[in-house]
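Chemist: Got a sequence here, can you model it:
(3 chains)
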Amino acid sequence: MSAQGILITAFAGAGLSYALGLTSARLREVFAIVVSVLLVCLIAITHGQGAEHVYYPDFLGLDLVLRMDALAWFFAITVSMVGCLSVIFSLHYVRGKEKENFYYFALLLVNAAMLGIVLSGDLLSFFIFWEIMSWAAFLLISYKRGRALDAGLKYVIMSILGSCAMLLALLYLYANYNTLVISDLAQQIRSAAGGFPLWVMLAFALGFGIKCALIPLHTWLPDAHSEAPSPFSAVLSGILIKMGIYGFILVMYGVVGLKLLLEVGAPWLHFHTVLCWLGAITILIPTFIALLQDDAKRLLAWSSIGQIGYIMLAIGVATSLGLAGALFHTLNHAVFKALLFLAVGAVEYKTGGVRDLNRLGGLIRRMPVTFACALIGGLGLIGVPLTSGFVSKWLIYKTLITEGHPFLALAALVGTWGAILYVYKLLHNMFLGQLPEKYANLEAAPFSMQLPLMICGFIIVLFGILPGIPLSVIGGIVGTLGFEPVTATLTGFGPQIGPLNTLNLCAAFAGVLLVIVAFRGIAARPKPVSQDDSYAAGAAAPAGKYHHTVRFYDPLERMTGGYLRDWVDQFYLSAAGKAKGVFNGVRRIYTGDVRTYVMYIVALLTFLIFAHTAGWL
Amino acid sequence: MVSPILLIAVPLALAFLTPMVGLASKSARRYMPAIAMLFNFIVAMSLLPKALEAPIIVRTAGWAPPLSIHLVAGPLGLLLSSLVALIGLLVAIYGIDYIREGARARYDVLYTLLLVGATGVVLTGDLFNLFVFFEVLCISSYALVAYRGDSAGVEAGMKYLIQGAIGSSLVLIGIGLLYGTVGTLSMADIASSVGSVAGSRLFISLAFMIAGFGVEAAIFPLNAWLPDAHSSAPSSISAVLSGVAIKAGLYAIARVVYTVYGASSILPFLAVLGVVTLLVGEMCAFAQEDIKRLLAFSSIGQMGLILFALALSSATGISGAVFLIISHGLAKALLFLATGYMIYRTGSRDISSLAGMGKRMPIMSLCFTVGAFSLMGLPPFVGFASKFTIVRAVLGTGSTFFITLLAIGLIGTVIEGAYFLRIVQWLYFKPAPEAMPEQTEGRAPLTALVPVGLLAVLIVTIGLLPGIVGRALGPAADDLLDRAAYIQHVMGD
Amino acid sequence: MTRIIQLVLSPLIALVVGVLLLGLSRKIIARIHRRYGPPIYQPVIDVIRMMSQRSISHGSLFDLGVVFALAGSLVTVMFIPLGGTQACQPFAHGVLCPLSSSGGLLVVMYLMLLGPLGLALGAGDSANPNASIGVSRKLLLALAYEVPFLLVILAVMSHYETISLTEIVARQQQAGWGALSVPLSAVAAFLILPAMLGVRPFDLVSAPQEIASGPMAEYGGRSLALIKLYGATHLFLVIALFVDLFLGGGVNLATFLLKMLIVFMAVEMINAVLPRVKIEDAIKFCWKWPAGLALLQMAITVLSKSG
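Modeler: Coordinates of the predicted model:
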């Protein structure tokens, strides 16, 4: 199956699902799922293929090219998988809500556009699909109304800004090389010198940085991710922001190339070094902001920014281990962040839209499967050994330490330890502790919501124990991008990269676990008691909510809360406010008085003549 | 064979026949503009392939230049007159049911005249006729703006008239000065002799013409009439004013600057003016709460971008400009037409009254969204193809001056995105007010849905297959750029 | 075969030594307080007693969390060299570190998380506010001491240019202790040892007088026994890591344990005399002095490497 077939399926699927929805809602749901699953299969069977072909000759004088290679395949399978899971999850989530047709159409369209982005063989197709993705995402972000509208506008304005920068960059390339086909560009750009690559990279970085929410371009993300419908939050956080990452990898390593990249920038400050440090900042600040959030999805949104920081940091280091880590972490983050957003979505769905962490609790008793999966996702996010997140983070730390960037490594590690705090807060405040009375009879989420969670959880554990499965693909990609290929064993790395054997770890853990459980079995089984039957130092447990969730990290919050406001966002908002003032001022040019207008005409004429006599024109 | 002169003569005749038809059948009269424009569209399209090879020159035999109707139907002219006819046709169909008040007969006549004027402007080969057609266009516009006869309309019409009249007189002075200098009014003739005349007087005549045509072309700061006029007129009129009329002004400027004077020294100034117009237009549009004023200001912004692209003086740049003229014409006509019935429905021009429109008027809202997306330059709509061509042209020039201007101009695109997408949100994601002022006469009839739908289909189709118009763009650009060929074609006959 | 023996041996050593150290701790403190104190094997008696009692349960995670905590810390032990060198071979592999080839210091750092995390999840499953407050404090304290701890580890790893713990130990045995080559890191690490161990002045997590032993508030019976064992293993782990990083490990198990004992005694002295601090002060302290020292050391290390 060629890339073209995949794209046709994806786009036609989006359109047809709308058409089918006009006749029957059930038919549309079935169709949407069939298309999504079909896409996963179609992409899966193209594994290992490499092809490049023109699918649209002479679009505005340019040939539009699709290509399939290792990098594209890797992103395509991630996109289609997370997209498929979110469609399955959506079944119950949107059923009975308004504009279902639109919802499915836009969701499938975003997914199709993202497939288009990664399968594009030239930068114009890339840009076109990019824009389609941007506006379709805007529509979906706005779907829930209310505050979602502002979030959507914020997103799309920043997105357009980024697109403009990208357009300039890619046409700047075109003006110089007269082609936009990626493989041709990569051939020709080698001879580039001077500031030219820097300007191109900066403009691209603006576009990609906005999409992947690199600080200080991140401000759209917390609003958009928390206000979007949860299945789409999973797509947004899981794969849409990864398109920015794909863009960075494509431009930095696929187009500009490693050799030239290492020279871009001033001799004392290279472009990729700046990217590293931005990545480090993007890890640290959002992690600590995430700690303070009370909205489950907002917390996850900030966490997403933090995780993007890891990926950017790893991309910027420009080593083969770093890039492998970045790619692996991209996959991992897609999986576990999708899982977490979907889990929060399931809770939101069952509790009637509650995502305030202070009003939930104890749901493990009502939704055990959701909790178990969320736990796995959370552990993956932290990077606990035996989850896939561990291996990718390990690669990143390893390369940072051995390449001599301990300060960057520090940022990454501290970010992880911060992640423990917010993951625990999320899990604890939602699932653990006291179950509020009104949720005492809550039912578990429907199977169509649990299935995606279970699939994600399974992937996290599987790739955590056998990281060689994804790494065999990733290692090859790294090889095609001008690095030494990363050779991984099925269970980790051999001594030349560094000792890591996850299977041993797993076996040891399982053994110890068995011994402990056996040992524990000596003692009598504990007596289950109700949640209210707890030790209160002699006092009776108070009625109502007595559980500790509000301001969970109060001491830290008091210490850091003052500093951890989103300054950048405030700056942008005030700039936007000022701009509005200016716009209103500009409007005053049109006074409504026709005498002024006549004066304008005369003034222009006078100016023209004056300018001519002064010799300007 | 069909002659381009039919493009002017037939609609003109039909325009004057309209009142007579009205005597026979009132309902038949309403179809006259549509018939005229359908004829024009067919003729223009059939002529276009031939004109792409070489311009079709028509002279009315024997008369001296100032009096003769002297047509040069080049690729650019025919392309634009096809556009005029197409938009004119669709808007005319829309107008059949849309115009409900006022003196219907006058509307039909003025409407046809306006389009005849626009067609004449783009086809004519001499300056005086340019002026005459321009006046036909302008005067019918003045009248149509005030067509409803309400105070806002009349006031806007008056303001428009005052500024337009000043503009026209400046044009006339400019033509007079030029005639005094070179002694001919045929554009090709002037072009061939202009090189030999000393600079200053020539430049002053050019300045007069730019300032004069600039009023109609809505160039900053000459565009103050536009927001009032476009928003006060009935929506069908706004659609042709925005979609067709202002482009005629811009065409006139381009023709004068490129063909007649070959004045490349003024181009950087025009580029700056274009970007300023773009920014001012978009900024003002952002601050609007009245949907039609917003669309009007957005037109100003787009005109600025077109002017900027025209000033690039490169083949790609002018192709881009012409492409944008087409895409903006389609999109803006669509937007005004879609808005027309929404306003009927709610009785208000406030953007907030559009809340929940996606449910109440799904097709209109969908088409509006398509138009808005196209205008913002989002793929896969036609606006993207045109804006892309322009940006490509700018970077192709490799000049820092133009690239800087473009970067500034792109801010306008961002602002544009902000306000258009806000409207889209109002359409779809705001709940409709509880007590809906439901006006049954606001339901869009088939005559409204068909043109609006067709425009949307065109926007998507050309967006996906830009090659449809792309073939004509190159020759159209050469038509403007290649003075020598123009002179040779016209004079060689 | 020796590998399997090692695999069994090293967690066992950790358990035994850890439990004895716990007993020793009570003894030392009692003596400093001029009391006689319980016998040194008192924790063993406690564990046996608790195993024979029937506990309550608030849910399956409540029980499993503890199991994970203990399992995590026992697995961690397998990654830590417990004495032995390449030259002198009390065991076939030279170094008593059964999983040395399965991961380095990075894995150890992560595995050390499992303990607190398991306990936090388990304790969180009860609705007891004391437990949640304790967990919140525990995680904040962890964040507080992890910053200097990470700096310390990074400085050590940068200094020896490896992420393998056995490698670090081997290098020290050749070229002198880490305490001498990265002295400021060693000082910083020592300063945060009480925080990592959760003893005074940083025993605010399980402060019995304030929050009813915090995370342990609801636990009893077999779960509490496991927590006790976890505490013992954790104690062993932290001190063993300190010995490995800064005191050159041990030529054999005996010297290794001796070094551990010395470090432990030093920590106990602090434990015995200082009062408890508030969590805010703990964070401020950790981010000020130990972090400052460790940062300084790291800067020096980086500069000396690049220079």
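Chemist: Now do the closest residue to chain C within chain B: how many residues are near it, please.
Modeler: With C-beta to the nearest C-beta, the shortest gap between chain B and chain C falls at residue B:429, namely 38.5 Å. Every residue, glycine included, has its C-beta placed from N, CA and C. Look at residue B:429: counted by other C-beta atoms under 10 Å in any protein chain shown, it has 21 neighbours.
Chemist: So it versus residue A:307, what's the distance?
Modeler: In this structure, residue B:429 and residue A:307 are separated by 29 Å, where distance is defined by C-beta to C-beta, to the nearest Å.
Chemist: before we move on, what about residue B:257?
Modeler: Residue B:257 sits 55 Å away from residue A:307, going by C-beta to C-beta.
Chemist: State the mean pLDDT of the host helix or strand of residue B:306.
Modeler: Taking DSSP states H and E as the definition, residue B:306 sits inside helix B:291-310. Averaging the model's pLDDT scores along helix B:291-310 yields 92.
Chemist: for it, packing partners?
Modeler: Helices and strands touching helix B:291-310, by 3 or more C-beta pairs under 8 Å, 6 or more residues apart in numbering or on different chains; DSSP states H and E, are helix B:225-232, helix B:235-240, helix B:246-254, helix B:267-286, helix B:315-346, helix B:382-397, helix B:400-429.
Chemist: Check the offset of it from the chain's centre.
Modeler: Distance of helix B:291-310 from the chain centroid (C-alpha atoms, centre = their mean, to the nearest Å) equals 11 Å.
Chemist: Ok, stretch C:265-278 next?
Modeler: Centroid separation for stretch C:265-278 versus its chain: 16 Å, with C-alpha atoms, centre = their mean.
Chemist: quick revisit: next one: the residue of chain B closest to chain C, what pLDDT does it get?
Modeler: Looking at residue B:429, its pLDDT is 87.
Chemist: That one contacts residue A:149, correct?
Modeler: Yes. The pair residue B:429 and residue A:149 qualifies as a contact (C-beta atoms under 8 Å) at a distance of 5.8 Å.
Chemist: so what sits against both of those two?
Modeler: For the pair residue B:429 and residue A:149, residues contacting each of them under the criterion C-beta atoms under 8 Å, 6 or more residues apart in numbering or on different chains are residue A:142.
Chemist: What is the burial count for residue C:100?
Modeler: Counted with other C-beta under 10 Å, the neighbours of residue C:100 add up to 22.
Chemist: Run a quick neighbour tally on the residue nearest to it when sequence neighbours are not counted.
Modeler: Closest residue to residue C:100 apart from its sequence neighbours, by C-beta to C-beta, 6 or more residues apart in numbering or on different chains: residue C:166 at 4.4 Å. Burial measure for residue C:166: 24 neighbouring residues, criterion other C-beta under 10 Å.
Chemist: Measure how far the strand or helix carrying residue C:166 is from the centre of its chain, please.
Modeler: Counting by DSSP H and E, the secondary-structure element that holds residue C:166 is helix C:165-175. Centre-to-centre, helix C:165-175 and its host chain are 20 Å apart (C-alpha atoms, centre = their mean).
Chemist: For that helix, buried residues please.
Modeler: With burial defined by 16 or more other C-beta atoms under 10 Å in any protein chain shown, the residues of helix C:165-175 counted as buried are C:165, C:166, C:167, C:168, C:169, C:170, C:171, C:172, C:173.
Chemist: Not counting sequence-adjacent ones, nearest residue to the third one?
Modeler: Take residue C:167 and drop its neighbours on the chain: the residue closest to it by C-beta to C-beta, 6+ apart is residue C:160, 6.7 Å away.
Chemist: Spit out the contact partners of the residue positioned nearest the centre of chain B.
Modeler: Within chain B, one residue has its C-alpha closest to the average C-alpha position: by C-alpha atoms, centre = their mean, that is residue B:244, at 2.6 Å. If a contact means C-beta under 8 Å, 6+ apart, then residue B:244 has B:83, B:84, B:87, B:88, B:114, B:115, B:118, B:329 as its contacts.
Chemist: tally of neighbours for the fifth one?
Modeler: As a burial measure, residue B:114 scores 28 neighbours (other C-beta under 10 Å).
Chemist: was I right about it contacting residue B:144?
Modeler: Yes. Between residue B:114 and residue B:144 a contact is recorded at 6.6 Å, counting by C-beta under 8 Å.
Chemist: any idea how far residue B:324 lies from chain A?
Modeler: In this view, residue B:324 and chain A are 13 Å apart by C-beta to the nearest C-beta, to the nearest Å.
Chemist: Show the contacting residues for the residue nearest to that residue when sequence neighbours are not counted.
Modeler: Counting by C-beta to C-beta, 6+ apart, the nearest residue to residue B:324 once its immediate chain neighbours are dropped is residue B:386, at 4.1 Å. Contacts for residue B:386 (C-beta under 8 Å, 6+ apart) come out as B:320, B:323, B:324, B:326, B:327, B:328, B:377.
Chemist: Test for you: state the pLDDT assigned to residue B:386.
Modeler: On the pLDDT scale, residue B:386 is placed at 92.
Chemist: measure it to residue B:317 for me?
Modeler: From residue B:386 over to residue B:317 (counting by C-beta to C-beta), the distance is 12 Å.
Chemist: hey, what's in contact with both of those two?
Modeler: Both residue B:386 and residue B:317 lack any common contacting residue under the criterion C-beta under 8 Å, 6+ apart.
Chemist: Helix or strand for the residue sitting nearest the centre point of chain C, just tell me which one.
Modeler: Here the mean C-alpha position of chain C is nearest to the C-alpha of residue C:238 (C-alpha atoms, centre = their mean), at a distance of 2.5 Å. Following DSSP H and E, the helix or strand that holds residue C:238 is helix C:221-246.
Chemist: Report the distance from that helix to the chain centre.
Modeler: For helix C:221-246, the distance to the chain centre is 6 Å (C-alpha atoms, centre = their mean).
Chemist: any idea of the mean pLDDT in it?
Modeler: pLDDT averaged over helix C:221-246 equals 89, rounded to a whole number.
Chemist: repeat for stretch C:151-161
Modeler: Throughout stretch C:151-161, pLDDT has a mean value of 87.
Chemist: what do you get for stretch A:421-428?
Modeler: Mean pLDDT, stretch A:421-428: 90.
Chemist: does chain C sit close to it?
Modeler: Yes. Judged by C-beta under 8 Å from any C-beta of the partner chain, stretch A:421-428 comes into contact with chain C at A:421, A:424, A:427, A:428.
Chemist: circling back to that earlier point, please name the residues that touch the residue lying closest to the residue nearest to the centre of chain C once chain neighbours are set aside.
Modeler: Sequence neighbours aside, residue C:196 is the residue nearest to residue C:238 in space, at 4.9 Å (criterion: C-beta to C-beta, 6+ apart). Listed by C-beta under 8 Å, 6+ apart, the contact partners of residue C:196 are C:145, C:149, C:238.
Chemist: That'll do, ta.
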